[in-house]
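Next come a sequence and a model predicted from it.
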Amino acid sequence: MEQIKEYFNIAFRNIRTRSLRSWLTILGIVIGVFLIISLLSLSEGIKETITKQLKSLGGEMIFVMPGSEANPIMMMMGGDQLQRDDVSAIKKTKGVDKVLTMSYTGSVARYKDEGKTIFIAGQPWKESLELLQDYQGWSLAEGRWPISGKNEVIVGQQVANEVFNQKVRVDTEILIKGRKFQVVGILNSLGSKTDDTFVYMDMDIYQDITGQKPGSAQIAMVKIEEGASLNQVAEDLKNNLEKTRKRRAGTDEADFSVITSEKISGIAESMLAVIEIAIIAFASIAIIVGGIGIMNTMFTSVRERTREIGIMKAIGAPNSAILFIFLFEAGIIGFTGGLGGTLLGVLLAKSIEMYGQVHPLFYFYASVSPGLIIFGLVFSFVVGCLSGMVPARQAALLKPVEALRKYE
Amino acid sequence: MPEAVIKLEDVWKIHKLGKVDLVALKDINLEIDEGAFVTIMGPSGSGKSTLLNMIGCLDFPTKGKVILKDKNIANLTEDQLSQLRGRIIGFVFQEFNLLPNLTALENVMLPMVFQKTPVEKREKKAKELLEAVGLKERITHLPTELSGGERQRVAIARAFANDPELVIADEPTGNLDSITGKKIMEILTDFHKREGKTIVVVSHDPQIASYSKDVINIKDGQILANHQQGAKVLWSK
């Protein structure tokens, strides 16, 4: 053990004396580890945010959205709409308790002469207020709920406190698409920054100011009757919608999706898994390139120090000593690179997160787990040692007399 | 009758250079006894470096036996030989050959690291040796911060670190001026006289040979005249 410490000491000295080359090699590893740590902590953060949001939706919900399931991006963007007869078909389906329709879009809102982009959403207050409070966790921080059919809105926490320079208060007016609205209530946070950046109004009025067809909706959330099977109701919904859609369009294609909340988490998770795999793959390539850099440096080092290896062998160094010294050098280079990369990666992820918290429309959270940091450090040390293995073996197996003769 | 530290029996060394065989050593028989001070002399290309490598157990003979302390080195593994060589033989090279990244003290301690000497003991021993060669004040200096003479003194201290029975010096004064060279030889003879160490010096300088009782003259890979048994030096001073 004592020997190992000495070998480590020698390795450390050797690295220090050729500092420029060592630092350049370390830089190669820094870049790879930096990529892995920053991107993984961000994608892990996105995953956690989505999971949290999905949990807040409540478990027993079915969502009906226009657009095919096979194309989740299009589905989420939601250019298409559910028509009036689609909505009534949903309502008529067996096992459906309540249906909450909702539409949303981005719009400029003016508050006290200041214009900002926010989201506006419309839902029929009469039918949906109870559902929103019971299943979506809506509650008021201030004011009261709006009355159906009036130009009244409630605003999310972000809109109330962050978006405008002046805080939005109850009983003030806000101008959206040329119409004046009375702010009657401020919601408690709904758990996601995006949801808190909404202004919520009655569906009829929303359709009036946005020009959306009356009775249609972008999304329908279905609460099923107690005791009904989630999957059975979803299946029935799909069949009913297919019928109405086919009647109307005369095509075979069912361009809508019926998904349960479970399925949404599944889709989101698999999408993120693909992204994470891609991140790991690209960052691994960067680290492999870094590893080749270490190998190159170590081979050069073995060549340059052949004579030193000969001296050490002459004065009694066993092969293992030479092997350890060179392995440690490679390992230290890898580890230092890992340390730098981890630090920079965490720094970048955290500054993106901080930016996201200041900026109202951009919610980002970086998940820097101790596991990820340990992974970054151990991984880079192992890459270093693996890259140093072949050069170190070459050094250890040199014959003392030949090593001493070389470069005389 | 003193015991032999190292014995060469019918040793041949043949280097293969392409298709040509180059005979570096031809049927060498040699015994170096405990406590001897031997100088190996010969012009360059005479095979004296090859002979030194054999005596120092740095290389294996093509034919014949090298016996270090009753052990045929051909029967040892590489690590066993390294261990034995580190314990029994100390080296002083012409080029000093200190490790450039270690201080004087660390350089002297290194052979003891390989012999697994405890850290306190190796530090104490290294300091004693550096003091003995007159470098007490320079122990924390790197080789680049030392003069040639000082470096060679560190190298001598290193050679004696493991209390070896045999110290081999390959042209120890070759890179030094005559005054410094003389000092180095005095340090070596001092160790020989005081501690009875066996010393083998390789040189082509007759001045150096004058320090030793025994001179081996080598030419074309063969021992010309073996002036062991206390014969006088043939060269004029």
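The structure has been received and is ready for your questions.

Let me know the secondary structure of the residue in the stretch 101-250 of chain A that chain B sits nearest to.
Nearest residue of the stretch 101-250 of chain A to chain B (C-beta to the nearest C-beta) works out as residue A:193 at 54.5 Å. C-betas here are computed from N, CA, C, even on glycine. Classification of residue A:193 using DSSP: H, G, I helix; E, B strand; the rest coil returns coil.

Can you give me the neighbour number for it?
Residue A:193 has 22 neighbours, counted by other C-beta atoms under 10 Å in any protein chain shown.

wait, isn't it in contact with residue A:158?
Yes: between residue A:193 and residue A:158 there is a contact under C-beta atoms under 8 Å: 6.1 Å.

Now do the same contact list for the closest residue to residue A:148 other than its chain neighbours.
Distances taken as C-beta to C-beta, 6 or more residues apart in numbering or on different chains place residue A:125 nearest to residue A:148, at 4.3 Å, with adjacent residues excluded. By C-beta atoms under 8 Å, 6 or more residues apart in numbering or on different chains, the residues touching residue A:125 are A:145, A:146, A:147, A:148, A:202, A:203.

at 10 Å instead, please
Contacts for residue A:125 (C-beta atoms under 10 Å, 6 or more residues apart in numbering or on different chains) come out as A:132, A:145-150, A:152, A:154, A:200-205.

rewinding a little: torsion angles phi and psi at the residue of the stretch 101-250 of chain A closest to chain B?
Per-residue torsions, residue A:193: phi -60, psi -40 (degrees, to the nearest 10).

in terms of contact, does residue A:4 touch residue A:321 like I think?
Yes: the pair residue A:4 / residue A:321 is scored as a contact, 9.5 Å apart, by C-beta atoms under 10 Å.

Looking at the two now, which is surrounded by more residues?
residue A:321 (24 against 12).

helix or strand for that one, which one?
helix A:319-358 (DSSP states H and E).

Residue A:329 and chain B, how far apart?
11 Å (C-beta to the nearest C-beta, to the nearest Å).

Leaving out chain neighbours, which residue sits closest to that residue?
Nearest one to residue A:329, counting by C-beta to C-beta, 6+ apart, is residue A:11 at 4.4 Å.

And the closest residue to residue A:103 other than its chain neighbours, how close does it get to residue B:208?
Spatial nearest neighbour of residue A:103, chain neighbours left out: residue A:218 (4.3 Å); criterion: C-beta to C-beta, 6+ apart. If you measure residue A:218 against residue B:208 using C-beta to C-beta, to the nearest Å, the figure is 100 Å.

got it, and residue A:45?
Taking C-beta to C-beta, one finds residue A:45 at 75 Å from residue B:208.

Who has more neighbours out of the two?
Neighbours per residue, other C-beta under 10 Å: of residue A:45 and residue B:208, the larger number sits with residue B:208, 24 against 20.

Which secondary structure state is assigned to the more buried one?
Going by three-state DSSP: residue B:208 is helix.

Next one: it from chain A, what distance?
20 Å.

right, and that residue touches residue B:200 too?
No: using C-beta under 10 Å, residue B:208 makes no contact with residue B:200, being 11.8 Å away.

Need the residues touching each of these two.
With C-beta under 10 Å, 6+ apart as the test, residue B:208 and residue B:200 both reach B:39, B:169.

ranges for the helices of chain B?
B:48-55, B:78-88, B:104-114, B:119-132, B:148-159, B:178-195, B:206-209 (DSSP state H).

What sits closest to the residue in the stretch 51-200 of chain A positioned nearest to chain B if chain neighbours are left out?
Proximity of the stretch 51-200 of chain A to chain B (C-beta to the nearest C-beta) peaks at residue A:51, 52.4 Å away. Nearest non-adjacent residue to residue A:51, counting by C-beta to C-beta, 6+ apart: residue A:265, 6.8 Å away.

Helix or strand next in line after the helix or strand hosting the one you found, which one?
Assessed by DSSP H and E, residue A:265 sits inside helix A:261-304. Proceeding C-terminally, helix A:261-304 gives way to helix A:306-314 as the next helix or strand, assigned by DSSP H and E.

Rounded mean pLDDT for that next one, please.
Averaging pLDDT along helix A:306-314 gives 90.

other SSEs contacting it?
helix A:2-17, helix A:261-304, helix A:319-358, helix A:370-396, helix A:400-405, helix B:78-88, strand B:89-92, helix B:104-114 (3 or more C-beta pairs under 10 Å, 6 or more residues apart in numbering or on different chains; DSSP states H and E).

ok, 8 Å please
helix A:319-358, helix A:400-405 (3 or more C-beta pairs under 8 Å, 6 or more residues apart in numbering or on different chains; DSSP states H and E).

Reformat these as a markdown table; add mean pLDDT.
Converted to a markdown table, the helices and strands packed on helix A:306-314 look like this (pLDDT from 0 to 100):
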| stretch | mean pLDDT |
| --- | --- |
| helix A:319-358 | 89 |
| helix A:400-405 | 83 |
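
would JSON lines of these with distance to residue A:35 be doable?
Putting the helices and strands packed on helix A:306-314 into JSON lines (distance: least, C-beta to C-beta, whole Å) gives the following:
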{"stretch": "helix A:319-358", "distance to residue A:35": "7"}
{"stretch": "helix A:400-405", "distance to residue A:35": "39"}
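
Tell me how many other residues crowd the closest residue in space to residue A:225 that isn't next to it in sequence.
By the measure of C-beta to C-beta, 6+ apart, the closest residue to residue A:225 outside its immediate chain neighbours is residue A:97, 4.4 Å from it. Neighbours of residue A:97 under the rule other C-beta under 10 Å: 13.

quick one: pLDDT of residue A:97?
The predicted local confidence for residue A:97 is 84.

shouldn't it be in contact with residue A:221?
No: if you go by C-beta under 8 Å, residue A:97 and residue A:221 don't touch, sitting 11.3 Å apart.

Residue B:146: how many residues sit nearby?
Per other C-beta under 10 Å, the neighbour tally for residue B:146 reads 19.

Not counting its neighbours along the chain, what's nearest it?
Nearest non-adjacent residue to residue B:146 (C-beta to C-beta, 6+ apart): residue B:138, at 6.3 Å.

Was I right to think the one you found contacts residue B:104?
Yes: using C-beta under 8 Å, residue B:138 makes contact with residue B:104 at a distance of 5.7 Å.

quick one: which of those two has more around it?
For residue B:138 versus residue B:104, neighbours defined as other C-beta under 10 Å are more numerous around residue B:104 (27 against 18).

Next, the contact list for the more buried one, please.
Counting by C-beta under 8 Å, 6+ apart, residue B:104 has contacts B:98, B:130, B:135, B:138, B:139, B:140, B:141, B:142, B:143, B:146, B:154, B:157.

out of the residues you listed, which is most surrounded?
residue B:157 (30 neighbours).

Using JSON lines, lay out the contacts of residue B:104 together with pLDDT and distance to residue A:248.
Shown next, in JSON lines, are these (pLDDT from 0 to 100; distance: C-beta to C-beta, whole Å):
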{"residue": "B:98", "pLDDT": "92", "distance to residue A:248": "92"}
{"residue": "B:130", "pLDDT": "93", "distance to residue A:248": "99"}
{"residue": "B:135", "pLDDT": "89", "distance to residue A:248": "100"}
{"residue": "B:138", "pLDDT": "90", "distance to residue A:248": "97"}
{"residue": "B:139", "pLDDT": "91", "distance to residue A:248": "95"}
{"residue": "B:140", "pLDDT": "93", "distance to residue A:248": "91"}
{"residue": "B:141", "pLDDT": "94", "distance to residue A:248": "93"}
{"residue": "B:142", "pLDDT": "93", "distance to residue A:248": "88"}
{"residue": "B:143", "pLDDT": "93", "distance to residue A:248": "91"}
{"residue": "B:146", "pLDDT": "93", "distance to residue A:248": "96"}
{"residue": "B:154", "pLDDT": "94", "distance to residue A:248": "96"}
{"residue": "B:157", "pLDDT": "93", "distance to residue A:248": "99"}
